[in-house]
Structures are given as structure tokens and as C-alpha cells.
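> sequence first, predicted model second:
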Number of protein chains: 2
Amino acid sequence: MRAVDLIAAKRDGREHDAGEIRFLVDGLLDGSVAPEQGAAWCMAVIFRGLADREIDALCAAMVGSGEVVDLLGAGIDAVDKHSTGGVGDKVTLALTPLVAACGVPVAKMSGRGLGHTGGTLDKLEAIPGYRIALTIPAFIEQVREVGCAVVAQTPELVPADALLYALRDVTATVPAPGLIATSVMSKKLAAGAAAMVLDVKVGDGAFCATVADARELARLMHGLGTRAGRRVVCEITRMDAPLGNTVGNALEVAEAFDVLRGAAPADLTAVVRSSAVTLLELSHLRLDRTEAERRVDEAVSSGSALATARRWIAAQGGDPRVVDAPWDVMERAPVVVAVRADRAGFVQRVGALAVGLAAMRLGAGRATKADAIDHAVGIVLAVHPGDEVAIGETLATIHARTAEAAAAAADELRAAIAIGGERVTPPPVLVERI
Amino acid sequence: MRAVDLIAAKRDGREHDAGEIRFLVDGLLDGSVAPEQGAAWCMAVIFRGLADREIDALCAAMVGSGEVVDLLGAGIDAVDKHSTGGVGDKVTLALTPLVAACGVPVAKMSGRGLGHTGGTLDKLEAIPGYRIALTIPAFIEQVREVGCAVVAQTPELVPADALLYALRDVTATVPAPGLIATSVMSKKLAAGAAAMVLDVKVGDGAFCATVADARELARLMHGLGTRAGRRVVCEITRMDAPLGNTVGNALEVAEAFDVLRGAAPADLTAVVRSSAVTLLELSHLRLDRTEAERRVDEAVSSGSALATARRWIAAQGGDPRVVDAPWDVMERAPVVVAVRADRAGFVQRVGALAVGLAAMRLGAGRATKADAIDHAVGIVLAVHPGDEVAIGETLATIHARTAEAAAAAADELRAAIAIGGERVTPPPVLVERI
């Protein structure tokens, strides 16, 4: 078998068998297939796509390239959650202790943010002392003892994905649905949870621009998970506006814990509750939706979700007071500036991409992978699409390192928040469940 | 400017400007654009193609990547010739001294063979002592003194082509017409001839399988040459059967010089004569076709073409007796075996690809670039398509290193030479002239 022949086959629209896919993946890892051959193959996949059987084989070869977390073997029927990424998406931080408080183990490996989207690891690192790097045995042990853990993916898991993603990143071959689906699902399968919710975001701040794109990605990931024996639900949710009020790492941590005390914005609360209920349905408890909703609401009203959050943060080395008094623990940005409405009317749009980029430029995110994060800075939105505002009313508050940075962000936010005369009813966040 | 953005642009079907093309070519050479980025771009070109303006820019950037031979600056208005490659294609060896004998300088840089097609350099190296490596000043000086020279391309010429071709070779991105045309024409433009004939072969033994493919490649190369100020004619010629009787390096050298004494097979003679006449039309002499034909025929009948061949070979270190008594100079293969007809009838087909592969396996060609050439071995065909044969008549003679190799080649030749009851009239070798 020669890599050049496999590239030619894909170039000409032919389908690979599982052995050919394994040859490519193993070869890229051991160097017998050159990076330029991997890149040419990925570009051929951009044009020719991958059949479901090829995607299954690719995912299996990627999972097989490294270690796997054997949660079921350790007697833990855990759940997991993934989001394709958005602006203000702190769902994992609230969902994890909420579901664990309902008696369902949550075992999650997370990533970092890039560009206008944030990453769960970056947010957690806003909590002083929080350790993102756990060994696989320590990860399993914490899920058993505390009921949940959120850690960085260990380098031993799916090394083929790290390699392939780095290659795709510099060769303009990221946007192939089959490659995106296998990248996500190989990590989910290796991380060991038996059930999972996949949040596929759609809109101007999301990877998928259209519902059709989101549906196709959801179909591919759902198929990969269920054919691999996992229980999977995909939720397509809107990302036209940021989720919740906050964008920026420490700000988002504080807001996420507000969900657990019933004090968070409605859109964020709705997504967290919906995903939590779905995970309880999918979990080893196999609850029906009504009972699942009751348990989730009870975990909030009883305070057990907050208690679980404290135990989780403490178990990973963070100060558990962050759950109740976040600003006793996390740094606040020194410059806080309000952005006010210069006309009255209805908020037509709060552009997720523009807000995300403004937060990134404040220092909350990375323009390139090498950039450092400023955990304190960010944006707190005071309005959502559909809200009526008066002249001079606060639209958002900017938390910045310097006055210059704040002024630049203020200009960006004024452009991002459109006010008009027309009354607006924003569509529900959840588009559909697959 | 970032390579990844240029790859994305080509992936999405956008056209590059000349600065972007130069950025890619220069970057590949200086390492700031990674090989995997070059490979992804080439695969995107396979699917999206290149516009004429992009091809011009690519060719110019490639020519600009190295030295150029300034023949006009040295006062030499020379001609050149290129073939896209075939089986038994020894045209350059006959054409070069023939045209030079008519008073037109011929300055040619050649390449090696791979797979079923031979290379002019390999054939010339069958002549003991022949030096293929000349410096650019020595090349120019020999063209001035002798009237012709055939050498290896120096590594200083178009280094971007060597790099890009090596990349395309392992990434299944060779068959993009725009990349093929720029690869050929960048070398022709850098080699300095003011006029040239490009022989685009079509058929089972050629790179182009259909006349439509050949026309497109001819159109691209013709455009590149004329827009760069050169006088160019493309000739599309058939390569369904080997050209002439011989396939194999020393055997082809001997046959090529037979053309100069009017003793070669009709198909080979026709192609050499046609190309020679076209070059005389294109040359600084600007002859009309009738006068050009008269001069070419006179160069053969007067013996001046043979005399020029002797001077040329001697000038490059070879033994000039090879022109008149080839087997006093070149090695003959030790095993010579005849392949005979096992039925009577008409020769329907002499498969160029199959004959070329049989010769390659005898050792006359290379399966991989690292293989060594056996200059003595090869095949002498005794029949051409359309010939009538009796049972037991010799179809071909195999010149082999061992009896085993000869037996294997005999089996391949019997399969390659189809004999049937139907009378066959092979089409003319020249399909069209552009």
C-alpha cells in the first residue's frame, strides 16, 4: 500500500476501506506517511467527502492511536457533553455539577478557545489553584468520589487528532464535516463516557453558519457515537447572540454558578436545564423527561448542585468559595466602563461574532494559539435581542485592563448591538434535538 | 499574507494575483511556506484549476526562482523542442543535428525517463563518454561553436520546479493541466530558446489519454510561451504504438542516427521531418514550409546532418563513431530472442504502454526514480499496426541481460501485439498543429 495511491483514490472520488484508513492514520503518526501527503489527502476530502463507513474507520483508527479511559471497566456509567463552540458558552461549568448532583457521574475532557470562541479550560483557569491536568487514574477516581471532573485532554488520548488537527489548521482543510465529526467524536469515545449530549451551535458566532450545516454535522457525530455503542443526543442551538450576559473567563465562571442558584439569565438557564434533563434521560438512571426535569429543578432549589460544585472545584485544587463569592477569589479587571444606548428602541441584534472578537481583543481570548489569556477582562451584556431600551440606558459593561482597551471595545460593542424601531421576538435558543 | 489564507482562497475557487503566486513559490523555496501547505494548495488546484493569468504568474515566479540562459543576449536565436513523453521517442536525437545542419542553432535541456517512458538523457548516456552536465557558459559556447547541444537541466535553473514536482509526485497532484504546463514551460523559458516545437503526445502510451486532454495542455503551453514572447508551435502526435522500431536506450540511439541517413522507419522519419520543418519556419531564417522541407531533405541527402551529429557527440565527449557504427561503440545485450507470430493476419495494435513497460522491466527504464538503467537492453519491433504477418514471422526481437528476462518480455510482447483478421489502416501520427 502506498500513500500516494490512496490520495489519488480519494482525489478521484473512490471510497477507502478500513485498512487503508488505518494505513494513513498510523503512517502519519509513525512518519511513514509524510505531512504533505496527509495535507493533500485532507484537501481531497474537502472536495470528495467521506462516506459513513470511512468516517467510522477514521474515528476508530484515531481512537486506536492512543490510550482510552475505560470508565465502564471501572464500573462508572458516566455522561459527557460537547459544544461546537460559541460566545459566552459556559454551559459545561453549570451543567457538570448540576447533573452530578442528580446522581449521574460526569466525566469531561475539555479544550481551549481560539479566536472569538472561548474554551472551558481557559475559564476554569480563572479559578486560582484549579488543576486542569489529571492523570487518567486520578480522573477516574475523582469521577467516582466527587461525581464529576473536568480536565484537559491528556496527550496520550487520540494523538492522531492532535497531529491531524495541527495539519488541517495550516492547510485550510478544517471545514470538512467528516473530519470535524471524527475529530470531536474520537476524543469523546476515548474519554469513556457511555452517554453524551452534543451541542451543535448555529449562527454568526458559531462554526456552523446554517441550520443545514449544523444538521449535517449533528447527523455525522450522532451516527459515529451510536454506531460505537454510545447513547447520544444532539441539540442544535442558536449562537446569533452570546449565551447569557457574560463573555470573558472569570465573568463567565461567576455567571455559571449563578445558574445553580437559579439566578442566571433565561437563555443560559434554558440551555443548561435542557441539556441536564437530556443527560438524565440518557444516563444509567434512564429517567423520563418529566422526572428528569423534577430532579434537575430540585438539585437547584435544594442547593445540592451548589454543594457539588464546591466539592468539584475543591477536588481539583481550586478555592471552593468561588462558587458563592467569586470576587473574593478571582481577580477583577481594573477598568470598568459602561456602554450606553445613543437612541431608544428595541435591541435588534447582539452580534455574537462581534462581541466575541471584542472580548478577544480585550485579552479574554486568543488571536493565535500562542497568545496568553487575561482571565479578568471581558464584557457583561445588560440587554438581549428583543429588549426595549431608553436613551442613555446601559447596554453593556466592559471590564478591561486599560482605558484604551475599554474605549476600543466600547466602539466595537456599539456596532455589535443594533437598536431599531421594530419590535423583535428572538427565536428560541433550542432549534432541534436529534 | 498567510499561506493558509491563499490555500483557502484556491479551495473556494478564487483567483490569485501575481503577488500571491510569488509569495507561495518563494515561500516554498525559502521554507516559510511548509511542504504540507504546498501540497494542500496543489490538491485545491486539481479541483479548482488555474486561470491563464495565474498560470502566467506561476510560470514567471518559477523562472524567476533561479538562473536563466540568456541565449539572445549572447547573440544566439536558438530553437528548442519538447515532448510530453512516449515510448520509442528518440526524436530529439535526430532532430537536433538535423536542424543544426540547416543553420539553425538548437539549444536543448533534457530530462530522464520514468515508468514506461524513456528520457533523452538516459539514451545519450548509452554513448560512452557523453557528458550531460555542462555549465551554462559551456552550453552557450557549444551552441555557438557546434550549432547544437543537448544537456541536463542545471540545478540552478528553475529550482522551484524541482521542489514543486517532487511534492506533487508523492501527493497525487501531478495531473493538473496548469501545473503540468507551467512545469514544462518554466524550464523551456529559462533555457533561453526564442522558438520551440512542443510535441504533445496522445494515446495509451502518453500522458494525455485523449485528444481533448492533449489540446488543453497544448493550448496552455502555447499560451504561456507566446505570452512570454517566444515563437511556439504545438504538434499533437499519436502514441498508441511505439515510435519507430526500437525501445531501449542504445537501440534508440542507433535508430535515431538512421533517420539522418534516410534509413529509419516511416513513422519516426515523418515526425522528425515535420518537427524539423516547423522549427525552420519558426527559426531566425523564417523559411516558408516548402523551402524548409527542401533544406531538411538536403541536410539528409548531402550528409551534413550526419556530419553535424558527429561534431555534436564529439563536442560533448562521446565517440563520434557511434553515428556510423553504433555497435563498435555501444554495448549490445548478451541475450537476443525473437518473438514470432502464432497466427497469420494483420497487426491490429502494438500497445505502446505494454511495450514500454516490457522494456522497463528488461532494465531499459526505471520503475522508481532510484532504479539504474541498463543501456544495452530493449526491444526491436519488426512490425507496425496494419502490417500483414504470416505464422512464424518475427514480430519483435528482445535484447535482454538474461534468458529469464527475455522470456518474461516475450510473453508481454505477445500480449501487446494483437493480430487479427481485419485489415487495419493506422491513422497518421500527426493529429494537428497549433
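Everything's here; your move.

> how about the residues of chain A by chain B?
By Cβ under 8 Å from any Cβ of the partner chain, the residues of chain A that approach chain B are A:3-5, A:7-8, A:11, A:34-40, A:42-44, A:46-47, A:167, A:169-173. Where you see a C-beta, it was placed from the backbone N, CA and C, and this is true even at glycine.

> just those residues: which are in helices?
Among these, the residues falling in helices (DSSP state H) are A:3-5, A:7-8, A:11, A:35-40, A:42-44, A:46-47, A:167, A:169-170.

> which of the residues of chain A next to chain B are buried?
A:3-4, A:7-8, A:11, A:34-40, A:42-44, A:46-47, A:167, A:170-173 (16 or more other Cβ atoms under 10 Å in any protein chain shown).

> which helix or strand contains A:V259?
Using DSSP states H and E, A:V259 sits in helix A:249-260.

> what's the spacing between that helix and its chain's center?
15 Å (Cα atoms, centre = their mean, to the nearest Å).

> pLDDT weak spots in chain A?
Along chain A, segments meeting pLDDT under 70 are nowhere present.

> pop the domain breakdown of it in here.
Domain assignment for chain A by automatic domain parsing gives A:3-49, A:79-156+A:167-326, A:335-420.

> which of the ones you listed sits most buried?
Compared across the domains of chain A, domain A:79-156+A:167-326 shows the largest average neighbour count, a mean of 22 (mean count of other Cβ atoms under 10 Å in any protein chain shown).

> for that domain, the distance to its chain's centre please.
Centre to centre, stretch against its chain (Cα atoms, centre = their mean), the figure for domain A:79-156+A:167-326 is 6 Å.

> first-to-last residue distance for that domain?
One end of domain A:79-156+A:167-326 sits 27 Å from the other (Cα to Cα, to the nearest Å).

> now swap in stretch A:221-239 and tell me
End-to-end distance of stretch A:221-239: 19 Å, with Cα to Cα as the criterion.

> stretch A:385-404 now?
End residues of stretch A:385-404 are separated by 28 Å (Cα to Cα).

> go on, stretch A:67-76?
Start to finish, the residues bounding stretch A:67-76 are 18 Å apart (Cα to Cα).

> do the same with stretch A:232-245
29 Å.

> any idea how far A:S83 is from the closest residue in space to A:A359 that isn't next to it in sequence?
Beyond its immediate neighbours in the sequence, the residue positioned closest to A:A359 (Cβ to Cβ, 6 or more residues apart in numbering or on different chains) is A:V247, lying 4.4 Å away. Distance, A:V247 to A:S83, using Cβ to Cβ, to the nearest Å: 15 Å.

> cool, and A:G49?
Note on A:G49: its distance to A:S83, by Cβ to Cβ, is 24 Å.

> thought A:L198 was touching A:L220?
No. The criterion here is Cβ atoms under 8 Å, and A:L198 misses it with A:L220 at 10.3 Å.

> mind listing what whichever residue of the stretch 201-350 of chain A sits closest to chain B touches?
Residue of the stretch 201-350 of chain A nearest chain B, by Cβ to the nearest Cβ: A:A209 (13.8 Å). By Cβ atoms under 8 Å, 6 or more residues apart in numbering or on different chains, the residues touching A:A209 are A:202-203.

> what's the distance between it and B:A9?
As judged by Cβ to Cβ, A:A209 and B:A9 stand 18 Å apart.

> and for A:R11?
As judged by Cβ to Cβ, A:R11 and B:A9 stand 20 Å apart.

> would A:T397 count as being in a helix?
No. In this structure, A:T397 is strand, not part of a helix, as judged by DSSP: H, G, I helix; E, B strand; the rest coil.

> look at the closest residue to it other than its chain neighbours and give its secondary structure.
Take A:T397 and drop its neighbours on the chain: the residue closest to it by Cβ to Cβ, 6+ apart is A:V380, 4.5 Å away. Here A:V380 is recorded as strand under three-state DSSP.

> got the contact list for A:V380?
Applying Cβ under 8 Å, 6+ apart to A:V380 gives the contacts A:245-246, A:251, A:396-397, A:399.

> specify which member of those is nearest to B:P137.
Of all these, A:H399 has the smallest distance to B:P137: 70.1 Å, by Cβ to Cβ.

> if we can go back for a sec, report the beta-bridge partners for the residue nearest to A:A359.
Taking DSSP bridges, one obtains A:I379 as the residues bridged to A:V247.

> can I assume it is in contact with A:L353?
No. With contact defined as Cβ under 8 Å, A:V247 does not count as touching A:L353 (11.4 Å).

> next one: A:G86 from A:H399, what distance?
20 Å.

> which SS class is the closest residue in space to A:D342 that isn't next to it in sequence?
The spatially closest residue to A:D342, leaving aside those adjacent along the chain, is A:I391, at 6.8 Å (Cβ to Cβ, 6+ apart). Secondary structure, three-state DSSP: A:I391 is coil.

> need the residue closest to the centroid of chain A.
The centroid of chain A falls nearest to A:S83 when counting by Cα atoms, centre = their mean (3.4 Å).
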